[in-house]
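# One predicted model, sequence on top.
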Amino acid sequence: MDLFVRSIYLSSALSLAYLFLLYRANPLRRLPGTTVTLCFVIGMIGVIPVEGIRLLLRLPAAGGAFSAFVTAGAVEEGVKFGLMGLTIWKFPFPDLAEPLDLSIYFGTLGLGFGAYEDFWYIFSSTHSAWSAGDIAHFQTVFHEILLARALPGHILFDAIAGLLLGYARFVPGRGRTVRVIGGFAVAVGLHGVYNMIAQYGGMIPLLSYVVLLVGLFVHLRARAAAHSPFNDLIELVEGRTSEWRHPRPPIEYLFADGFYWPGNPRGRMFEIFPLILSLAVLYPLLFGIIYLINTGIVGLFR
């Protein structure tokens, strides 16, 4: 039980560090903390249907391009896209107000999925050494798996794909379906390449790939922010433009939650309390429930 709880908190700590950076990715606005937390939890729940699909289709667990792009890439991203379509896509204004919002939410959903995945790898890889009381072997395995799981993956795949989905959500027309399919293809492709490099490339190529993805997201995020309705609102009020290209009137964006202009965007202190409460109490409970459900699913297929 001690190892179980430690693995939970460690995986949560790694994920919440990345969540903090993603949460601040929008330079003009801070999204509601409770909504971001909901996306994180939805991502964690996503591991349940993924496990069921893999067992039902008897997909290979690891090794080779098929596993990298189908067992992991297509199945995991397919489930995450389905959950996104049922939840994030339907968020009302102003919770969801621009493409960058959807990117942050979807990246958070992917991060929640990755948090449980990190927990599972840490717990399952070290459990035998911990149970046997082999502290030296436990520490060796623990440090190896911690290093392997420390790099961000799901958050980058889905934050990048989420920008395409965001444009599909806010730019109606015949190109919407193409953008959604393109977003899915991007997520699966990035995910599959990540897994292939992790299997055959080693740490340095994998780290280089992660740095490349971070740079790509930063670039795309800057472009999205430059065309943000909140940025256009500032230019409109300051008289630098008279063009307004967005479906809602400027006044609605001016009073949108999380937009504090003039000045820098800032979060409300009380919004961090649900995150702290979840980390301390609710996350361990949720991890335990998902673990039991997954164990039950595996047992049904044996």
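Alright, I've got the coordinates. Treat the numbers as computed from the prediction; the structure is a model and nothing was measured.
# What is the neighbour count of residue 241?
Neighbour count for residue 241, taken as other C-beta atoms under 10 Å: 12. Bear in mind the C-beta positions are built from the backbone N, C-alpha and C, glycine included.
# so where's the stretch 1-150 of the chain shaky on pLDDT?
Within the stretch 1-150 of the chain, the segments meeting pLDDT under 70 span 1-7, 9-11, 62, 124-125, 127-149.
# 50 - rerun?
By pLDDT under 50, the stretch 1-150 of the chain has no low-scoring segment.
# Now do the helices in it.
Here the stretch 1-150 of the chain has its helices, by DSSP state H, counting those that start in this stretch, at 2-23, 33-45, 47-57, 64-66, 75-86, 99-132, 135-149.
# who touches stretch 180-192?
Stretch 180-192 is contacted from outside by 65, 68-69, 72-74, 76-78, 80-81, 153-154, 156-158, 160-162, 164-165, 168, 213, using C-beta atoms under 8 Å, 6 or more residues apart in numbering.
# any idea how far residue 43 is from residue 79?
As judged by C-beta to C-beta, to the nearest Å, residue 43 and residue 79 stand 10 Å apart.
# These two: which is more packed in?
More crowded of residue 43 and residue 79, by other C-beta under 10 Å: residue 43, with 29 against 21.
# Give the full set of residues in contact with the more buried one.
Contacts of residue 43 by C-beta under 8 Å, 6+ apart are 80, 83, 108, 109, 110, 111, 112, 113, 114, 115, 154.
# hmm, try it at 6 Å
Contacts for residue 43 (C-beta atoms under 6 Å, 6 or more residues apart in numbering) come out as 109, 110, 112, 113.
# residues near the residue nearest to residue 195 when sequence neighbours are not counted, how many?
Residue nearest to residue 195 in three dimensions, not counting chain neighbours: residue 68, with 3.7 Å by C-beta to C-beta, 6 or more residues apart in numbering. Residue 68: 23 surrounding residues under other C-beta under 10 Å.
# OK, contacts around residue 68?
With C-beta under 6 Å, 6+ apart, residue 68 has these contacts: 192, 195, 196.
# Could you dump the helices of the stretch 1-150 of the chain into TSV and include distance to residue 261?
Output for the helices of the stretch 1-150 of the chain, formatted as TSV (distance: least, C-beta to C-beta, whole Å):
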stretch	distance to residue 261
helix 2-23	18
helix 33-45	20
helix 47-57	39
helix 64-66	48
helix 75-86	29
helix 99-132	16
helix 135-149	39
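# wait, which of those is closest to residue 173?
Checking these against residue 173 by C-beta to C-beta gives helix 99-132 as the closest, at 14.5 Å.
# which secondary structure elements does that closest one contact?
If you count contacts as 3 or more C-beta pairs under 6 Å, 6 or more residues apart in numbering; DSSP states H and E, helix 99-132 packs onto helix 2-23, helix 33-45, helix 135-149, helix 154-170.
# Tell me which residues of that helix come out buried.
99-123, 125-126, 129-130 (16 or more other C-beta atoms under 10 Å).
# Just want the angle from that helix to helix 33-45.
50 degrees (axes from the mean of the first three to the mean of the last three C-alpha atoms, to 10 degrees).
# what residue lies at the spatial centre of the chain?
Computing the C-alpha centroid of the chain and ranking residues by C-alpha atoms, centre = their mean puts residue 110 first, at 2.5 Å.
# Confirm for me that that residue is in contact with residue 152.
No. Counting by C-beta atoms under 6 Å, residue 110 sits too far from residue 152 to count as a contact (9.4 Å).
# Out of the contacts of residue 43, which comes closest to residue 230?
Closest to residue 230, out of all of the contacts of residue 43 and judged by C-beta to C-beta, is residue 109, at 22.6 Å.
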